[in-house]
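A.B. asks: this one's sequence-less:
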């Protein structure tokens, strides 16, 4: 075993070179280079931590901005909805006004027309009464030879027509054309 | 050494551990000649220095080499932190030197340089003068740190915490013996692991040579030995790393005993 047989010859040399080599590794590398490498690692770790922190902050900021944006967006949307609603209400009111005016106009025209119709009907009735009175006088004269005073005949006819009109009004009939005929038949 | 004539039949597996002088050197009465062993130590130093200096760019975004160097230093830092704690910081250079020197010396011994005539790899860690010196150094540091920090109280290391008083006379001698054995176990473990692996490789290498020389059934033996030696070399590579790690780890554990006395 050379390790034992040579030991006394080489021991000093072995220890000497070991001391040099190991000492160099310990002092030059272990104490010289190692701390620098470690400080680089530490600096990098700190840098990474700082960057991460900044990224976190930026993210929080972005989230806050987004929240603000969403809030203002909601506000704007509400405002727009309100304006749209107002406009719709305004327009609806305007339309209602127009419709109401038109209806009033129509009602007025209808009313006027109705008055015209009524006055025409009234005129026609008065005419018809005169005719009826005359006819009644003649009929009575021919049948009985009596001469009836025009005023009595008119009174009788008026009574008849009144009764008839009540009946008609009860039936809610507006047509007055048939009345004279009926009266005539009754009178007859 | 003089057996050049019949080298194939007379393979001596121990010859690889012989230290040969390269340049005679004397310091007073002492022989400090540059030997094969010394040159391989210097080779290890050159490898470690080159590895570290090339990885010392200290860039913010590390390259591959810098990553490897920082991986190694981080590994040592972690080992010291875990086993000793924050107070172990100042021992990191020592543990680093131990680990790298042993690792590179172990691996350098496995370099297949023998295929170049006149060269052969030499494993400095297969010399117990080297491993023993490192073990004694570690043990001395443990003793110095222990007595420096705790004075005579350091002797309480031999009475484990919670030992019943009646057991102390029995436990203390055992603890003392196990403590005193530490430098021997530390140095011998590495030395034996290295020498055994190299003898094994040498022996099976000689089996290959003599097997193929014999012919016939010797070819079978040669092939088997060749397959086996591939496996052994792989195992040796693993052993190189493990032994360096164990040496450094045990040193941190012993230092922990001395620093954080129970």
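C.D. replies: Looks like it arrived, so ask away. Everything quoted here is computed from the prediction, not taken from an experiment.

A.B. asks: Tell me where chain A is predicted with low confidence.
C.D. replies: In the predicted model, chain A carries pLDDT under 70 at residues A:171-188.

A.B. asks: Could you confirm residue B:22 falls within a strand?
C.D. replies: Yes - membership of residue B:22 in a strand is supported by DSSP: H, G, I helix; E, B strand; the rest coil.

A.B. asks: Could you count how many residues lie near it?
C.D. replies: Here the count is done by other CB atoms under 10 Å in any protein chain shown, and residue B:22 has 13 residues near it. C-beta coordinates here come from the backbone N, C-alpha and C atoms, glycine included.

A.B. asks: Also residue B:64?
C.D. replies: Using other CB under 10 Å, residue B:64 has 8 other residues around it.

A.B. asks: now do residue B:128
C.D. replies: Other residues within reach of residue B:128, judged by other CB under 10 Å, total 22.

A.B. asks: and the closest residue to it other than its chain neighbours, what is it in contact with?
C.D. replies: The shortest distance from residue B:128 to any non-neighbouring residue, by CB to CB, 6 or more residues apart in numbering or on different chains, is to residue B:191 (4.4 Å). By CB atoms under 8 Å, 6 or more residues apart in numbering or on different chains, the contact set of residue B:191 is A:3, B:125-128, B:131-132.

A.B. asks: element containing the closest residue to residue B:60 other than its chain neighbours, please.
C.D. replies: Closest residue to residue B:60 apart from its sequence neighbours, by CB to CB, 6+ apart: residue A:44 at 5.9 Å. Assigned by DSSP states H and E, residue A:44 falls within helix A:34-144.

A.B. asks: tell me which residues in the following helix or strand past that helix are buried?
C.D. replies: Where DSSP H and E defines the elements, the next helix or strand beyond helix A:34-144 is helix A:150-171. Residues of helix A:150-171 classed as buried: A:153-154, A:156-157, A:160-161, A:164, A:168 (neighbour count, 16 or more other CB atoms under 10 Å in any protein chain shown).

A.B. asks: What are the buried residues along stretch B:230-242?
C.D. replies: Those would be B:232-233, B:236, B:239-240, for stretch B:230-242 by 16+ other CB under 10 Å.

A.B. asks: Including distance to residue A:136, could the buried residues of helix A:150-171 go into JSON lines?
C.D. replies: Formatted as JSON lines, the buried residues of helix A:150-171 follow (distance: CB to CB, whole Å):
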{"residue": "A:153", "distance to residue A:136": "5"}
{"residue": "A:154", "distance to residue A:136": "9"}
{"residue": "A:156", "distance to residue A:136": "7"}
{"residue": "A:157", "distance to residue A:136": "6"}
{"residue": "A:160", "distance to residue A:136": "9"}
{"residue": "A:161", "distance to residue A:136": "11"}
{"residue": "A:164", "distance to residue A:136": "14"}
{"residue": "A:168", "distance to residue A:136": "20"}
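
A.B. asks: and the gap between the residue nearest to residue B:60 and residue A:57?
C.D. replies: From residue A:44 across to residue A:57, the span is 20 Å (CB to CB, to the nearest Å).

A.B. asks: more crowded one of the two?
C.D. replies: It is residue A:44, of residue A:44 and residue A:57, that has more neighbours when counted by other CB under 10 Å, with 16 against 10.

A.B. asks: For the more buried one, give its distance to residue B:64.
C.D. replies: Counting by CB to CB, the gap from residue A:44 to residue B:64 is 16 Å.

A.B. asks: re the thing from before, could you check the pLDDT of the residue nearest to residue B:128?
C.D. replies: According to the prediction, residue B:191 has pLDDT 94.

A.B. asks: again with the one 5 residues further on
C.D. replies: The pLDDT attached to residue B:196 in the predicted structure is 93.

A.B. asks: next one: the one 10 residues further on
C.D. replies: Residue B:206 is assigned 89 on the pLDDT scale.

A.B. asks: cool, the one 3 residues further on as well?
C.D. replies: Reported pLDDT at residue B:209 in the predicted model: 88.

A.B. asks: Following element in sequence after the strand or helix carrying it, please.
C.D. replies: Element membership for residue B:209, per DSSP H and E: helix B:168-214. Using DSSP H and E, the helix or strand that directly follows helix B:168-214 along the chain is helix B:217-259.

A.B. asks: Run a quick neighbour tally on residue 54.
C.D. replies: All of this is about chain A. 10.

A.B. asks: not quite, I wanted chain B
C.D. replies: Neighbour tally, residue B:54, other CB under 10 Å: 13.

A.B. asks: wait, doesn't it sit right on residue B:65?
C.D. replies: Yes - if you go by CB atoms under 8 Å, residue B:54 and residue B:65 touch, sitting 5.3 Å apart.

A.B. asks: Just want the residue of chain A that's nearest chain B.
C.D. replies: Closest approach between chain A and chain B, counting by CB to the nearest CB: residue A:30, at 2.8 Å.

A.B. asks: and that residue, what does it touch?
C.D. replies: Taking CB under 8 Å, 6+ apart, we find residue A:30 in contact with B:92-94, B:96-97.

A.B. asks: Quick one: name the residues of chain A near chain B.
C.D. replies: Neighbours of chain B within chain A, by CB under 8 Å from any CB of the partner chain: A:1-3, A:6-7, A:9-18, A:21-22, A:24-26, A:28-31, A:33-34, A:36-41, A:43-44, A:47.

A.B. asks: Nearest residue to residue B:13 in space, please, no chain neighbours.
C.D. replies: residue B:202 is the one closest to residue B:13 (CB to CB, 6+ apart), at 3.9 Å.

A.B. asks: All the strands of the stretch 1-150 of chain B, in order from the start?
C.D. replies: B:21-23, B:26-27, B:30-31, B:34-35 (DSSP state E, counting those that start in this stretch).

A.B. asks: So is the third one next to chain A?
C.D. replies: Yes - applying CB under 8 Å from any CB, one finds that strand B:30-31 is in contact with chain A at B:30-31.

A.B. asks: Show me what that strand is packed against.
C.D. replies: Contacts defined by 3 or more CB pairs under 8 Å, 6 or more residues apart in numbering or on different chains; DSSP states H and E place strand B:30-31 against helix A:7-24.
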